[in-house]
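1. Here is the input, now give the coordinates:
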Amino acid sequence: QVRLEESGGGLVQAGDSLSLSCSASGGPISTFTMGWFRQTPGKEREFVAGITWNGGWTDYADAVKGRFTISRDNTESMVYLQMNSLKPEDTAVYYCVMRRQVAVTIPIIANDYEYWGQGTQVTVSS
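-> Predicted structure coming up:
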């Protein structure tokens, strides 16, 4: 059973940068699509970024495009999210996700990912 664990969240000011990490244990992730979602109270979980098994293709939500970068290191079973130029509206709990089923494109629907971490809080003050 694969387990995902996020780290790197915290409190920053608008304009700052923050890097999130996701460590996978219990099995290899090298053939699976990985991604990040986020959620704020009272709202649905929303897609932030995704990356294919070999890192050859990435996708981002329009709200973070140009500011966030997703990457992965399959040898270390790690996925990263570099967040630059943070805004108060980026405040949320960020979740690392994994999809084992083969997908033609990077899924952006939460239910399309079978594995979720516990989440890490990111708070951006104005």
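2. Residue 14 touches residue 84, doesn't it?
-> No - applying CB atoms under 8 Å as the test, residue 14 and residue 84 come out as separate, 11.7 Å apart. (Each C-beta comes from the backbone N, C-alpha and C, glycine too.)
3. Spatially, what comes nearest to the residue most central in space within the chain if we skip its sequence neighbours?
-> Taking CA atoms, centre = their mean, the centroid of the chain lies closest to residue 36, which sits 2.0 Å from it. Closest residue to residue 36 apart from its sequence neighbours, by CB to CB, 6 or more residues apart in numbering: residue 48 at 4.3 Å.
4. Now that neighbour: phi and psi?
-> phi -110, psi -50 (degrees, to the nearest 10).
5. Can you give me every residue that contacts it?
-> 35-38, 60-61, 64, 68, 81, 94 (CB atoms under 8 Å, 6 or more residues apart in numbering).
6. Would you format these as a markdown table with secondary structure, pLDDT and distance to residue 19 included?
-> Shown next, in a markdown table, are those (DSSP: H, G, I helix; E, B strand; the rest coil; pLDDT from 0 to 100; distance: CB to CB, whole Å):
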| residue | secondary structure | pLDDT | distance to residue 19 |
| --- | --- | --- | --- |
| 35 | strand | 97 | 16 |
| 36 | strand | 98 | 12 |
| 37 | strand | 98 | 17 |
| 38 | strand | 98 | 15 |
| 60 | strand | 98 | 16 |
| 61 | coil | 98 | 18 |
| 64 | coil | 98 | 14 |
| 68 | strand | 98 | 10 |
| 81 | strand | 98 | 7 |
| 94 | strand | 98 | 11 |
